[in-house]
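> I need the structure of the sequence given here:
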Amino acid sequence: MTNSEQNPFQESTIHEENNINIDNQTSTNDDERLFGMLIYLTSLFTALIAPLIIWLIKRDESSFVDRIGKDYLNFFISYTIWGIVAGVLCLIIIGIILLPILAILVFIFTIIGAVKAYQGETYLPPLSIRFIK
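Numbers count the residues shown, from 1 in each chain. Below you'll find the model as predicted:
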(Lines give C-alpha, C1' and ligand atoms only; values in the text may rest on other atoms or scores of the structure.)
Protein backbone atom coordinates (compact mmCIF):
# COMPACT_ATOMS: atom_id res chain seq x y z
CA MET A 1 0.00 0.00 0.00
CA THR A 2 1.15 3.48 -0.73
CA ASN A 3 1.15 6.21 1.84
CA SER A 4 -1.99 7.87 0.42
CA GLU A 5 -3.87 4.55 0.46
CA GLN A 6 -3.04 4.03 4.12
CA ASN A 7 -4.44 7.37 5.17
CA PRO A 8 -7.39 8.46 3.02
CA PHE A 9 -7.89 11.50 5.27
CA GLN A 10 -4.41 12.87 4.75
CA GLU A 11 -5.52 15.36 2.10
CA SER A 12 -8.35 16.67 4.28
CA THR A 13 -5.93 17.00 7.19
CA ILE A 14 -3.66 19.16 5.06
CA HIS A 15 -6.69 21.11 3.90
CA GLU A 16 -7.78 21.64 7.50
CA GLU A 17 -4.28 22.84 8.35
CA ASN A 18 -4.50 25.29 5.45
CA ASN A 19 -7.84 26.50 6.75
CA ILE A 20 -6.23 27.18 10.10
CA ASN A 21 -3.56 29.22 8.37
CA ILE A 22 -6.19 31.04 6.34
CA ASP A 23 -8.20 31.74 9.49
CA ASN A 24 -5.11 33.22 11.12
CA GLN A 25 -4.62 35.46 8.09
CA THR A 26 -8.24 36.62 8.07
CA SER A 27 -8.00 37.89 11.64
CA THR A 28 -5.92 40.79 10.33
CA ASN A 29 -8.29 41.10 7.37
CA ASP A 30 -11.16 41.37 9.84
CA ASP A 31 -9.46 44.36 11.44
CA GLU A 32 -8.81 45.93 8.06
CA ARG A 33 -12.40 45.40 7.00
CA LEU A 34 -13.65 46.80 10.30
CA PHE A 35 -11.59 49.98 9.95
CA GLY A 36 -12.67 50.29 6.31
CA MET A 37 -16.30 50.05 7.41
CA LEU A 38 -15.72 52.56 10.21
CA ILE A 39 -14.41 55.10 7.72
CA TYR A 40 -17.83 55.13 6.08
CA LEU A 41 -19.96 54.73 9.22
CA THR A 42 -18.26 57.47 11.21
CA SER A 43 -18.92 59.81 8.30
CA LEU A 44 -22.60 59.68 9.22
CA PHE A 45 -21.73 61.57 12.41
CA THR A 46 -18.71 63.63 11.37
CA ALA A 47 -18.46 63.97 7.63
CA LEU A 48 -14.71 64.50 7.44
CA ILE A 49 -12.91 64.49 10.80
CA ALA A 50 -13.41 60.88 12.02
CA PRO A 51 -12.91 59.18 8.62
CA LEU A 52 -9.81 61.31 8.03
CA ILE A 53 -8.36 60.40 11.45
CA ILE A 54 -8.97 56.67 10.89
CA TRP A 55 -7.42 56.84 7.43
CA LEU A 56 -4.37 58.81 8.59
CA ILE A 57 -3.69 56.41 11.46
CA LYS A 58 -4.26 53.13 9.59
CA ARG A 59 -3.18 53.87 6.01
CA ASP A 60 0.44 52.82 6.59
CA GLU A 61 -0.61 49.56 8.25
CA SER A 62 -3.03 48.40 5.56
CA SER A 63 -3.23 48.99 1.83
CA PHE A 64 -6.93 48.07 2.01
CA VAL A 65 -7.71 50.78 4.58
CA ASP A 66 -5.58 53.19 2.53
CA ARG A 67 -7.65 52.46 -0.60
CA ILE A 68 -10.96 52.75 1.30
CA GLY A 69 -9.83 56.05 2.84
CA LYS A 70 -8.83 57.47 -0.53
CA ASP A 71 -12.11 56.35 -2.08
CA TYR A 72 -14.06 57.93 0.77
CA LEU A 73 -12.17 61.22 0.47
CA ASN A 74 -12.81 61.24 -3.29
CA PHE A 75 -16.49 60.59 -2.54
CA PHE A 76 -16.57 63.40 0.05
CA ILE A 77 -14.82 65.96 -2.17
CA SER A 78 -16.92 65.05 -5.22
CA TYR A 79 -20.25 65.24 -3.42
CA THR A 80 -19.24 68.49 -1.73
CA ILE A 81 -18.68 69.92 -5.21
CA TRP A 82 -22.02 68.48 -6.41
CA GLY A 83 -23.69 70.03 -3.34
CA ILE A 84 -22.23 73.44 -4.16
CA VAL A 85 -23.41 73.12 -7.76
CA ALA A 86 -26.90 72.12 -6.57
CA GLY A 87 -26.86 75.06 -4.14
CA VAL A 88 -26.06 77.48 -6.95
CA LEU A 89 -28.79 75.88 -9.05
CA CYS A 90 -31.29 76.76 -6.30
CA LEU A 91 -31.35 80.18 -7.96
CA ILE A 92 -33.16 78.62 -10.91
CA ILE A 93 -35.37 76.30 -8.80
CA ILE A 94 -33.91 72.96 -9.98
CA GLY A 95 -31.37 72.98 -7.12
CA ILE A 96 -34.25 72.82 -4.64
CA ILE A 97 -35.04 69.40 -6.09
CA LEU A 98 -31.41 68.33 -6.47
CA LEU A 99 -30.25 69.04 -2.90
CA PRO A 100 -32.58 66.53 -1.16
CA ILE A 101 -31.89 63.94 -3.86
CA LEU A 102 -28.16 64.45 -3.36
CA ALA A 103 -28.52 64.09 0.43
CA ILE A 104 -30.42 60.81 0.02
CA LEU A 105 -27.80 59.51 -2.43
CA VAL A 106 -24.97 60.38 -0.05
CA PHE A 107 -26.69 58.45 2.75
CA ILE A 108 -27.37 55.42 0.52
CA PHE A 109 -23.85 55.38 -0.95
CA THR A 110 -22.35 55.69 2.54
CA ILE A 111 -24.25 52.60 3.72
CA ILE A 112 -23.30 50.69 0.56
CA GLY A 113 -19.66 51.72 1.05
CA ALA A 114 -19.69 50.50 4.65
CA VAL A 115 -21.18 47.14 3.65
CA LYS A 116 -18.74 46.71 0.76
CA ALA A 117 -15.77 47.60 2.98
CA TYR A 118 -16.85 45.04 5.57
CA GLN A 119 -17.09 42.46 2.78
CA GLY A 120 -13.50 43.28 1.83
CA GLU A 121 -14.36 45.12 -1.38
CA THR A 122 -13.46 48.64 -2.43
CA TYR A 123 -16.25 50.96 -3.54
CA LEU A 124 -16.23 54.30 -5.32
CA PRO A 125 -19.79 55.65 -5.48
CA PRO A 126 -21.24 56.88 -8.78
CA LEU A 127 -20.43 60.48 -9.74
CA SER A 128 -17.25 60.39 -7.63
CA ILE A 129 -14.14 61.87 -9.18
CA ARG A 130 -10.74 60.38 -8.32
CA PHE A 131 -8.87 63.40 -7.01
CA ILE A 132 -6.66 61.26 -4.74
CA LYS A 133 -5.16 58.19 -6.40
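> how about the residue nearest the centre of the chain, secondary structure?
Geometric centre of the chain, nearest residue: residue 117, 3.3 Å, by C-alpha atoms, centre = their mean. Assigned with DSSP: H, G, I helix; E, B strand; the rest coil, residue 117 falls in the helix class.
> Also residue 45?
Following three-state DSSP, we place residue 45 in the coil state.
> Quick check: it vs residue 100, distance?
With distances defined as C-beta to C-beta, to the nearest Å, the gap from residue 45 to residue 100 amounts to 20 Å. (C-beta placed from N, C-alpha, C; glycine too.)
> Repeat that for residue 36.
Remark: distance between residue 36 and residue 100 (C-beta to C-beta) = 28 Å.
> Neighbour count for those two, which is higher?
Set side by side, residue 36 and residue 100 give different neighbour counts by other C-beta atoms under 10 Å, the larger being at residue 36 (32 against 10).
> Check that one and give its pLDDT.
Note for residue 36: predicted pLDDT of 94.
> likewise residue 47?
As predicted, residue 47 sits at a pLDDT of 88.
> Just give the closest residue to residue 58, not the sequence neighbours.
Beyond its immediate neighbours in the sequence, the residue positioned closest to residue 58 (C-beta to C-beta, 6 or more residues apart in numbering) is residue 65, lying 4.3 Å away.
> Neighbours of that neighbour, how many?
Taking other C-beta under 10 Å as the neighbour definition, residue 65 ends up with a count of 24.
> Next: the one 4 residues further on.
By the criterion of other C-beta under 10 Å, residue 69 has 23 neighbours.
> contacting residues around it?
For residue 69, the contact set (C-beta atoms under 8 Å, 6 or more residues apart in numbering) comprises 39, 51-52, 54-56, 58-59.
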